[in-house]
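Engineer: Below is the structure, and that's it, no one-letter string:
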């Protein structure tokens, strides 16, 4: 058995259709000028665009039809995530999708049906997981007791301010559990917005201490731990897909500049010192896209198996390392312009640092991959 | 020609059994990993015999026309045979320039007499082919070929010099790019393409000793060498076009090759396996966190190539930069191979400094030799730097 293992890559008609629709939608709704308009707003996204995304059914792509979704699986969210990354389009779509996956996988379709139906209908949601900077830390210090009272602080909660539902990973009787908190249950001043390096994003620190949830808002049981693990892997996959899209438009920005900017009497794109690293971005982007759609091919509705885990980790490691490289070179290759706020390279280099740190950075995933691949 | 899955499955079983039963025993000398490493008569005769055997069994040239020694069946069968050869780790089919480049060219654009004269000998291994493209002063710049071919009655008189002629000293024929007209406005228009015999007065070869200490290439000198005028392929002035078509076969961008294993594949698995008993700082090298990170990156590089091949087949995922994956493939695979082999030596500890011939060298110095030989692919057929220019200009549209 080769260490290369599974190399399946399917691309369904649903995925192809969604890729077409989503690319066109994101291009229309999120030109760079609109992205820039949102940089310093509180919400970070345009409510009207979000409403349209909801009416297109995007919050329910991977949810069962019984909950009002379209039952196409997480694989069909991948082309949408890639298209959003390409247009640097914010909105809480990915947080919402991942929160729904966590609930679905931990509680099952029947127990979570009501919440999932709300999400499919467009109620934004998110997951509150991290308590410190370490994505590799599985310990949970936040707790819920038998009366339903929560205690503890969650950090880096993506799209927390936009979310109506917050799925909080907590410890209950020394086992992982999920507490579903509604935004209106949060005390005033519970939420402290983060100042993020990527201004197209929003996140917050949320103090859940003192919030009380009812029994039916608590998900416990054996499936929670596995669901949390799959949530991390699917988050890695969607972040990778999104980063791959952003790399593609970053590369376009670089290539456009290299084709028009003249120095010393020559188009700068004719210099091999710029040409060859630009080809490196292209080939790394090609690899990232291959990994992402390979992982999409393996990530089904059931618990993710070893091949799927390997694929998601590889996709994340490849895609965000590539975006970091592309963003870094984009700034450098724009010369003095690249050092300015006005130059779009700043959007990509900032997005790159954000993406790298979501759901574990490349080193984290390669470390996990080493254990999966080398210790047989 | 439609082929059913069942037919292919049955064929797979058949060819797999044949390879298992006929795989030659270890000859007791180092066998070439690629056709660029055939250094002596002993290796040549061993490989010639093996290729003849594969062809006689019907597993080579399966898609070439029957009347020229081929099998006349769908290329799908050859693909199955090639996979089985790779899987069973049998020796290479060494006559690669004939099987993979000159042969498909002759098949596609050659005349009936040319097909009748050349194709069968290519398949049987009797007629070894070499390529006369590169010249000493302009390796990757084929448009600048200076070797002259002057028409004189029924003959052409050839003068000049070629270099990096793989198996030049063993070859019976050469695909030769030479200048028939030095006065054209565009340098490309003065080139012509020949299917030239090698065993004529005035053609001499001198083996080149490689970085590995072994042989495999020659310099080839033409001094008033006379070849028949009908060795010209196509017409005078078409040399550039035909050479570019040859490169398409060489880069695997165009189908038509006779098949056969061109190169023994060394995978990242092989590299990891050879490290299992190596220690570093008192611990197994495979437990070193830095090494583990590098190995995972090597695995990912190899996996990405395999996945890229899969993605090439999905049209909807190739609309951004069409042709990007196939056109960059040579660059990626050759650079990946070089890096992997270099890493393999670096991780051997003090053994990494041993070489072929030392009794303690790991696997007889296989990785050291393989690392040096890997440069033939990052340099030959257009250096990686030229390949990167090609990708930049053709795929990204960057200026020359």
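Structural biologist: Thanks, I have it. For clarity, every value in this text was computed on a predicted model and none was experimentally measured.
Engineer: Low-confidence ranges, chain A, go.
Structural biologist: Counting by pLDDT under 70, the low-confidence segments of chain A come to A:1.
Engineer: before we move on, what SS does the spatially most central residue of it have?
Structural biologist: Nearest to the geometric centre of chain A sits residue A:239, at 3.5 Å (CA atoms, centre = their mean). Residue A:239 falls in the helix class when you classify it by DSSP: H, G, I helix; E, B strand; the rest coil.
Engineer: For the stretch 151-300 of chain A, what lies in contact range of chain B?
Structural biologist: Proximity of the stretch 151-300 of chain A to chain B, by CB under 8 Å from any CB of the partner chain, involves residues A:248, A:255, A:258-259, A:266-267, A:269-270, A:272, A:275-276, A:278-279, A:282-283, A:286-287, A:289-291, A:293-294. Where C-beta positions appear, they are placed from N, C-alpha and C, glycine not excepted.
Engineer: quick one: which of those sit in strands?
Structural biologist: A:266-267 (DSSP state E).
Engineer: Among the residues of the stretch 151-300 of chain A next to chain B, which ones are in helices?
Structural biologist: A:248, A:255, A:258-259, A:272, A:275-276, A:278-279, A:282-283, A:286-287, A:289-291, A:293-294 (DSSP state H).
Engineer: Of those, select the buried ones using a PyMOL command.
Structural biologist: Of these, the buried ones can be selected in PyMOL as follows, counting by 16 or more other CB atoms under 10 Å in any protein chain shown:
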select buried, chain A and resi 248+255+258+275+278+279+282+283+286+287+289+290+291+293+294
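Engineer: need the contact list for residue 332.
Structural biologist: All of this is about chain A. residue A:338 (CB atoms under 8 Å, 6 or more residues apart in numbering or on different chains).
Engineer: other chain: chain B
Structural biologist: A:283, B:305, B:308.
Engineer: 7 Å instead?
Structural biologist: Neighbouring residues of residue B:332 by CB atoms under 7 Å, 6 or more residues apart in numbering or on different chains: A:283, B:305.
Engineer: Just the element for it, please.
Structural biologist: helix B:324-346 (DSSP states H and E).
Engineer: tell me which residues in that helix are buried?
Structural biologist: In helix B:324-346, the ones that count as buried by 16+ other CB under 10 Å are B:324-325, B:327-341, B:343-345.
Engineer: Same question for stretch A:333-345.
Structural biologist: Those would be A:333-334, A:338, A:343-345, for stretch A:333-345 by 16+ other CB under 10 Å.
Engineer: So what's the residue count around the closest residue to residue A:180 other than its chain neighbours?
Structural biologist: Distance criterion CB to CB, 6 or more residues apart in numbering or on different chains; nearest residue to residue A:180, sequence neighbours excluded, is residue A:217 at 4.4 Å. As a burial measure, residue A:217 scores 19 neighbours (other CB atoms under 10 Å in any protein chain shown).
Engineer: right, and residue A:217 touches residue A:177 too?
Structural biologist: No - using CB atoms under 7 Å, residue A:217 is not in contact with residue A:177, being 10.7 Å away.
Engineer: how many neighbours does residue B:120 have?
Structural biologist: 18.
Engineer: what about the strands in chain A?
Structural biologist: A:125-128, A:143-144, A:150-151, A:153-158, A:165-172, A:175-182, A:191-193, A:203-207, A:218-219, A:262-263, A:266-267.
Engineer: Residues in contact with the last one: which ones?
Structural biologist: The contact list for strand A:266-267 (CB under 7 Å, 6+ apart) reads A:259, A:261, B:399.
Engineer: Can you pull the poorly scored residue ranges out of chain B?
Structural biologist: Low-confidence segments of chain B, defined by pLDDT under 70: B:1, B:139-140, B:252-253.
Engineer: Close to chain A: what parts of it are there?
Structural biologist: B:267-269, B:272, B:286, B:292-293, B:295-297, B:299-300, B:302-304, B:306-308, B:310-311, B:314, B:316-317, B:320-321, B:324-325, B:328, B:332, B:388-389, B:391-392, B:395-400 (CB under 7 Å from any CB of the partner chain).
Engineer: what comes into contact with stretch A:45-61?
Structural biologist: A:29, A:38, A:68-70, A:72, A:76-77, A:80, A:90-91, A:93, A:96-97, A:119-120, A:122.
Engineer: How far off centre is that stretch?
Structural biologist: Chain-centre distance of stretch A:45-61: 16 Å, with CA atoms, centre = their mean, to the nearest Å.
Engineer: And stretch B:212-221, by the same measure?
Structural biologist: Computed by CA atoms, centre = their mean, the chain-centroid distance of stretch B:212-221 equals 16 Å.
Engineer: Next: stretch A:257-265.
Structural biologist: 35 Å.
Engineer: Start and end of that stretch, how far apart?
Structural biologist: Terminal residues of stretch A:257-265 lie 15 Å apart, using CA to CA, to the nearest Å.
Engineer: Identify the residues contacting it?
Structural biologist: The contact list for stretch A:257-265 (CB under 7 Å, 6+ apart) reads A:267-269, A:274, A:278, A:333-334, B:397-399.
Engineer: Go again with 8 Å.
Structural biologist: A:267-269, A:274-275, A:278, A:333-335, A:337, B:397-399.
Engineer: quick one: the residue nearest to the centre of chain A and residue A:360 touch, right?
Structural biologist: No - the pair residue A:239 / residue A:360 is not scored as a contact, 9.3 Å apart, by CB atoms under 8 Å.
Engineer: so who does residue B:6 touch?
Structural biologist: Contacts of residue B:6 by CB under 8 Å, 6+ apart: none found.
Engineer: any idea how far it lies from residue B:12?
Structural biologist: 11 Å (CB to CB, to the nearest Å).
Engineer: re the thing from before, put together a markdown table for the strands of chain A, with mean neighbour count on each row.
Structural biologist: Listed next are these as a markdown table, based on neighbours: other CB atoms under 10 Å in any protein chain shown:
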| stretch | mean neighbour count |
| --- | --- |
| strand A:125-128 | 28 |
| strand A:143-144 | 22 |
| strand A:150-151 | 18 |
| strand A:153-158 | 21 |
| strand A:165-172 | 23 |
| strand A:175-182 | 21 |
| strand A:191-193 | 13 |
| strand A:203-207 | 22 |
| strand A:218-219 | 20 |
| strand A:262-263 | 10 |
| strand A:266-267 | 14 |
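Engineer: Please convert those strands to TSV, extending it with distance to residue B:98.
Structural biologist: As requested, these are exported to TSV (distance: least, CB to CB, whole Å):
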stretch	distance to residue B:98
strand A:125-128	61
strand A:143-144	74
strand A:150-151	75
strand A:153-158	60
strand A:165-172	64
strand A:175-182	64
strand A:191-193	69
strand A:203-207	63
strand A:218-219	67
strand A:262-263	48
strand A:266-267	43
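Engineer: Figure out which of those strands is closest to residue A:311.
Structural biologist: Nearest of the strands of chain A to residue A:311, taken as CB to CB: strand A:125-128 at 21.5 Å.
Engineer: Contacts for the closest one next, please.
Structural biologist: Contacts for strand A:125-128 (CB under 8 Å, 6+ apart): A:92, A:95-96, A:98-100, A:102, A:119, A:154, A:157-160, A:162-169, A:206, A:208, A:231.
Engineer: List the contacts of the single nearest residue of the stretch 51-200 of chain A relative to chain B.
Structural biologist: The nearest approach of the stretch 51-200 of chain A to chain B comes at residue A:79, 9.2 Å away (CB to the nearest CB). Neighbouring residues of residue A:79 by CB under 8 Å, 6+ apart: A:15-16, A:18-19, A:22, A:241.
Engineer: which among these gets closest to chain B?
Structural biologist: Minimum distance to chain B across the contacts of residue A:79 is 4.5 Å, recorded for residue A:16 (CB to the nearest CB).
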